[in-house]
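Undergrad: For reference, the sequence and a predicted model appear below.
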Protein chains: 2
Amino acid sequence: MTLFGAIEAGGTKFVCGIGDARGGSIETATVRTRDPDSTFAEVGEFFAQAARYGPLGGIGIASFGPVDLNPASPRFGQILATPKPHWEGTDMLGRTRAILDVPIAIETDVNAAAIAEVAAAGPGVKQLAYVTVGTGIGVGLVSEGHPVHGLGHPEAGHILPRRHPLHDGFAGICPFHGDCLEGLASGPAIAAAWGDAAQDLPDDHPFRAVEADYLAQLCMTLFLMMAPERIVLGGGVMKQETLLPMIHAGTAERLAGYFGGATSAEDMAARIVPPACREPSGLIGANLLAEKAARDAA
Amino acid sequence: MTLFGAIEAGGTKFVCGIGDARGGSIETATVRTRDPDSTFAEVGEFFAQAARYGPLGGIGIASFGPVDLNPASPRFGQILATPKPHWEGTDMLGRTRAILDVPIAIETDVNAAAIAEVAAAGPGVKQLAYVTVGTGIGVGLVSEGHPVHGLGHPEAGHILPRRHPLHDGFAGICPFHGDCLEGLASGPAIAAAWGDAAQDLPDDHPFRAVEADYLAQLCMTLFLMMAPERIVLGGGVMKQETLLPMIHAGTAERLAGYFGGATSAEDMAARIVPPACREPSGLIGANLLAEKAARDAA
């Protein structure tokens, strides 16, 4: 059985794995994200010791962004303008190839997660959005089997929701847009608006109604824009389990019976779901990317 | 040379054509949209007299919506719930096949227009949004060569823009959402808010700033959601040529330098453009659909 390498490259940690998309990882390692040299040195050590399992068929990288995904671009595979110190211009693809010269594919972390969730959903799901609500709000999209990017990749965390009335005095924290979705509804935005992290606020705290309304507006916009059969909501903030049914009800109310086949909160409960993957969706997506890279190279 | 049939089926008229996507139509006819029986009878007469050009390779239908586009559905090719009298449940595909038993493809009018505009754009445009601003606001999307639909088809005309301050007292006219984009910025919404149709309002009328802001919000959302290399703005309201540069400036301002490769009003002017097709994009799209149907059947 051919094994593949997977790298979920995040802003705080890199998770590396050896395995395949069906069986999952047989070994993983977590590397703290420091500067590129130190980080990739540790990634290289992981894959060097993993050589005892035999040669890898390919590696998939599920990367934080913004990252250049245009194969025709001279910066293909590189991190673009980012506030993250040391990482702008880092050649994720080249540094991985320097570790192991096998077929390598790269995608955004959220697109990779969307790829994994499409595979987990089975037939009937051709359009899927994967949303992570945490330090930021990221959205990955798959349409008819391929991850969506064009002029850059989607950054749907920065759409402009309408303000919730309970949130009127809050300016938002996005350095670009102030009160875009990420500026209003990410984990740090919740802490900035209400003084505590989501998990530390009491169960009856009004932040939940505000947060659910913003995420319902995102789901409404995703349905209207892309008509996904499934929206997967993950990330740290979504560990607040009371949010999901409020988002179902809010999305149904906002759509107001308009969208074909998705009119009630029950319909929404079937469509807006937590991640189906057992391992992090991004890591499984990276495995699927590696397998595709190997097939494409064969 | 094989000729193809094209039907652009709209709420007020059906435009039928014979031709191909490269040469355009050699003959067209416009049929007023009445009830389905009368309308398709006239469509049938057009194709019957067009038989003198020889057999057609296929027919493409660019249909008003909502229309069932899922080939696995028992209602495939039928008009779904619509306020338009007599048309709900109309089997567009079956009625066309009864006219001429050739390979037939159906898409939404806006998706067909997007297909035509991708072909006109040439290489480098893989993601494209076609927007029509008229009686309603419709959005068609092509991603990597295929029209986007899943759970229904996109209805991005119904997203929720933030209110322009000059528009505060206006409730909007969408029967489902009130003040969604279509409820605020379609042709009838302009007339309802300002008392006159767009073309009858003076050049310095404030409606232009309001309209451009809403359409800039749509463009921003499209960029953030789908990362299209090109957004095509068509439809009757866009005949107001002063709007387009205001939309360029407004989209750049709203994106605030965030979106990769598209930060200035000049960038926006290169990306947000009028239709490139000489004939109506929907009719050319229908021709392209017909050619694909013929290829798929071969």
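TA: Arrived safely.

Undergrad: Now do the helix or strand harbouring A:Ala105: everything it contacts.
TA: Take DSSP states H and E as the rule and A:Ala105 turns out to sit in strand A:104-108. If you take CB atoms under 8 Å, 6 or more residues apart in numbering or on different chains as the criterion, strand A:104-108 is touched by A:58-65, A:67, A:69, A:77, A:92-93, A:96-97, A:115, A:138, A:140, A:147, A:149, A:153, A:285-286, A:289-290, A:292-293. Yep, even glycine has a C-beta here, placed from its N, CA and C like the rest.

Undergrad: out of the residues you listed, who's near chain B?
TA: Residues of the contacts of strand A:104-108 in contact with chain B (CB under 8 Å from any CB of the partner chain): A:149, A:153.

Undergrad: I'd like to know which of the contacts of strand A:104-108 are buried.
TA: Buried members of those, counted by 16 or more other CB atoms under 10 Å in any protein chain shown: A:58-65, A:67, A:69, A:77, A:92-93, A:96, A:115, A:138, A:140, A:147, A:149, A:153, A:285-286, A:289-290, A:292-293.

Undergrad: Mind checking which of those are in strands?
TA: Among those, the members found in strands (DSSP state E) are A:58-63, A:138, A:140, A:147.

Undergrad: what's the closest of those to chain B?
TA: A:Pro147 (9.5 Å; CB to the nearest CB).

Undergrad: since we're on the nearest residue to that closest one once chain neighbours are set aside, how many residues are nearby?
TA: Once flanking residues are discounted, A:Pro147 sits nearest to A:Asn111: 3.9 Å by CB to CB, 6 or more residues apart in numbering or on different chains. Per other CB atoms under 10 Å in any protein chain shown, the neighbour tally for A:Asn111 reads 29.

Undergrad: Ok, the one 5 residues further on next?
TA: Counted with other CB under 10 Å, the neighbours of A:Ala116 add up to 31.

Undergrad: swap in the one 4 residues further on?
TA: Residues near A:Ala120, counting by other CB under 10 Å, number 18.

Undergrad: In which helix or strand does it reside?
TA: helix A:109-121.

Undergrad: That helix to strand A:104-108, inter-axis angle?
TA: 100 degrees (axes from the mean of the first three to the mean of the last three CA atoms, to 10 degrees).

Undergrad: ok, A:Leu166 touching A:Ala212?
TA: No. Counting by CB atoms under 8 Å, A:Leu166 sits too far from A:Ala212 to count as a contact (11.5 Å).

Undergrad: With neighbour numbers in mind, choose between the two.
TA: The neighbour comparison of A:Leu166 against A:Ala212 (other CB under 10 Å) goes to A:Ala212, with 23 against 13.

Undergrad: and the helix or strand where A:Val131 lies, what does it pack onto?
TA: Here A:Val131, judged by DSSP H and E, is contained in strand A:127-133. With contacts defined as 3 or more CB pairs under 8 Å, 6 or more residues apart in numbering or on different chains; DSSP states H and E, the packing partners of strand A:127-133 are helix A:109-121, strand A:137-143, helix A:207-226, strand A:230-234.

Undergrad: burial of the closest residue to A:Ala62 other than its chain neighbours, as a residue count?
TA: Spatially, and ignoring its direct neighbours in sequence, A:Ala62 is nearest to A:Ala112 (3.4 Å; CB to CB, 6+ apart). A:Ala112: 34 surrounding residues under other CB under 10 Å.

Undergrad: how near is A:Ala112 to A:Gly54?
TA: 24 Å (CB to CB, to the nearest Å).

Undergrad: same question, A:Leu141
TA: 35 Å.

Undergrad: Give me the more crowded residue out of those two.
TA: The neighbour count for A:Leu141 versus A:Gly54, taken as other CB under 10 Å, is higher for A:Leu141 (29 against 11).

Undergrad: Next up, the contacts around that one.
TA: With contact taken as CB under 8 Å, 6+ apart, A:Leu141 is in contact with A:111, A:114, A:127-130, A:147-148, A:154, A:156, A:226, A:228, B:225-226.

Undergrad: let's see it at 10 Å
TA: Neighbour list for A:Leu141: A:108, A:110-111, A:114, A:127-131, A:147-149, A:153-154, A:156, A:222, A:225-226, A:228, B:143, B:148, B:225-227 [criterion: CB atoms under 10 Å, 6 or more residues apart in numbering or on different chains].
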